[in-house]
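A.B. asks: Test case, fold it:
(chains A, B, C and D)
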2 protein chains.
Amino acid sequence: MDPLKVIAVERRRQILELVWRDELSAGDIAARFEVSWPAISQHLGVLKAAGFVTERREGRSRLYRANPEAMGHLRAVIEATWQSRLDDLKAVVEADPRNQEDQ
Amino acid sequence: MDPLKVIAVERRRQILELVWRDELSAGDIAARFEVSWPAISQHLGVLKAAGFVTERREGRSRLYRANPEAMGHLRAVIEATWQSRLDDLKAVVEADPRNQEDQ
DNA sequence: TCGTTGTTTAAGTGGTGACTTAAATATAAA
DNA sequence: TTTATATTTAAGTCACCACTTAAACAACGA
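C.D. replies: You can find the predicted model right below:
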């Protein structure tokens, strides 16, 4: 799934926040939300497939944790496609006299 | 609409790229895609409502252009919620010996 | 004012995906 | 083995939204 679509869903961003610092089991994560466990499990599957989290099995539990590589990569993608042009654009727009008359 | 949902749609990102440097009319934009004009008009409405583009009327045309303020703001939001923690996280994970055994 | 051009608004359709409950799987404990 | 615990997979539902065509609106020229 498109990484931007993955993080466009608020529930997944909430999950990511939870596993940002702490490695948590699927159950621990699910317990913090008022949706069903399968719903969380599905989100975890999406996050894992997109590389945003890693999974580690320990006994009966599956422990999840944010994957900083993927997070950094996403940021790089956003910056590569947007930020560099943003700097150019800002200069262009600010030098444009029309910039005073149109909101 | 949630800014992340706005940019999660590829067509809207394509439109944004087009109006990044050049101010284009709705018709010029629509002509570059193989979808109907109303489809593009709707996307422009979403982009405008979210502040990603500005609209300027000139005669019968409506001219659109990327709004660097909003773009910069989005980037700030992403960095604020993610980047600062990313730095912390990277250190935490790299110092974790389990990082060698689980992929 | 009447058509023409540029664009949006209206109304409807189809696909996707976030959710549900029920069933299946996996591991550990009794 | 059997049972309990942890989690996923299966199957189905519902809402949303990107698209469509048709109609409306706006601004200009004849």
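A.B. asks: ok, how many other residues are close to residue A:34?
C.D. replies: Each residue near residue A:34 was counted by other C-beta atoms under 10 Å in any protein chain shown, and the total is 7. No exception for glycine: its C-beta is placed from N, CA and C like everyone else's.
A.B. asks: before we move on, what about residue A:52?
C.D. replies: Each residue near residue A:52 was counted by other C-beta under 10 Å, and the total is 26.
A.B. asks: Pop out the phi and psi values for it.
C.D. replies: In terms of degrees, to the nearest 10, the main-chain angles of residue A:52 are phi -80, psi -20.
A.B. asks: my guess is it meets residue A:68, correct?
C.D. replies: No: proximity of residue A:52 to residue A:68 does not meet the contact threshold set by C-beta atoms under 8 Å, at 10.0 Å.
A.B. asks: so what's residue A:44 up against?
C.D. replies: Taking C-beta atoms under 8 Å, 6 or more residues apart in numbering or on different chains as the criterion, residue A:44 is in contact with A:15, A:26, A:29, A:53, A:55, A:64.
A.B. asks: Tally up the residues packed near residue A:51, please.
C.D. replies: Close neighbours of residue A:51, defined as other C-beta under 10 Å, add up to 15.
A.B. asks: Now it: closest residue in space, sequence neighbours ignored.
C.D. replies: In this structure, residue A:51 finds its nearest non-sequential neighbour in residue A:70, 3.9 Å apart by C-beta to C-beta, 6 or more residues apart in numbering or on different chains.
A.B. asks: quick one: what helix or strand has the one you found in it?
C.D. replies: Residue A:70 belongs to helix A:68-78 when elements are defined using DSSP states H and E.
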